[in-house]
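A.B. asks: I'd like to go over a predicted model; first the sequence, then the structure.
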Amino acid sequence: MQRRIPIFPLNTVLFPGMLLPLHIFEPRYREMIKRCLDGDGTFGVCLIASGQEVGGDADPFLIGTTCVIRSVESLDDGRMHLITYGVERFRIRKLIRELAYLEAEVEVVPEEEPSELGGLPDAVRHATERYIRRALEGQGEPAQEFELPDDPVALSHLIGFVVPADPKVRQELLETSVAERLRRGLELLQEVSEGVTEVSDSGQIVASPFRPRRPPSPN
């Protein structure tokens, strides 16, 4: 089933289940967000295939992620700070250039439940937790334990979000299967696991919805 939604082309890849903070300042995107807020708060985020993010037209990759607006901070000059949340993958079937911003007819791309993954999810969880801990320690944060998803689909989205990689590599991860996303994500984490001293993609880990386990209250 297809639906028509606004499309926000960005130089980043959003995965389902992940948080994405946005600063809205261009008039066309202020208009887009206002219309979204008048509806169900949904729009699509796609990586830019060609063109520019600010001040011009951009052609998106055809696979993106729908997101919903979780919170809005409106500034006096009309700019907005948003927190958005990725929901599900979609495929663009038709681009529509009738308004100041881009729209598209899209359809959901469901994730197939993987089978026979063996010990792969456990290996991914271990490598992801180790990478996050080392990255935070590199920023001067104390070591923490994290609650990572047990569900392989959610875990594959998290590793796609966290792994230090070029946006086009992240796009490949978004477009592939759950099993391949886990395998490739694990390979990428293993390649950098010995040399992580900082978060290589600014804001990625900070915006992730993984939850540190709260230490016991001293009281």
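C.D. replies: Perfect, thanks for sending it.
A.B. asks: Show residues contacting stretch 172-189.
C.D. replies: For stretch 172-189, contacts defined as CB atoms under 8 Å, 6 or more residues apart in numbering pick out 13, 15, 63, 65, 89, 111-114, 117, 120-121, 123-124, 127-128, 131, 152-153, 155-157, 159-160, 163-165, 169. C-beta coordinates here come from the backbone N, C-alpha and C atoms, glycine included.
A.B. asks: Tell me the buried residues in that stretch?
C.D. replies: For stretch 172-189, burial by neighbour count (16 or more other CB atoms under 10 Å) applies to 172-176, 178-179, 181-186, 188-189.
A.B. asks: now do stretch 42-55
C.D. replies: Here stretch 42-55 shows 43, 44, 45, 46, 47, 48 as buried, counting by 16+ other CB under 10 Å.
A.B. asks: Sort out which of these are in strands and list them.
C.D. replies: Of the buried residues of stretch 42-55, the ones assigned to strands by DSSP state E are 43, 44, 45, 46, 47, 48.
A.B. asks: Regarding the protein, what is its longest helix?
C.D. replies: helix 120-138 (DSSP state H).
A.B. asks: Using CSV, write out every CA atom in that one.
C.D. replies: This file holds the C-alpha atoms of helix 120-138, laid out as CSV (Å, rounded to 0.1, in the frame of the first residue of the first chain):
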residue,chain,number,x,y,z
LEU,A,120,25.9,-13.9,15.3
PRO,A,121,23.5,-11.7,17.4
ASP,A,122,25.5,-12.4,20.6
ALA,A,123,28.8,-11.5,18.8
VAL,A,124,27.2,-8.3,17.5
ARG,A,125,25.9,-7.3,21.0
HIS,A,126,29.3,-7.9,22.5
ALA,A,127,31.1,-5.9,19.8
THR,A,128,28.6,-3.1,19.9
GLU,A,129,28.7,-2.7,23.7
ARG,A,130,32.5,-2.8,23.6
TYR,A,131,32.6,-0.1,20.9
ILE,A,132,30.1,2.2,22.7
ARG,A,133,32.0,1.8,26.0
ARG,A,134,35.4,2.6,24.4
ALA,A,135,33.9,5.5,22.5
LEU,A,136,32.4,7.1,25.6
GLU,A,137,35.6,6.5,27.6
GLY,A,138,37.5,8.3,24.8
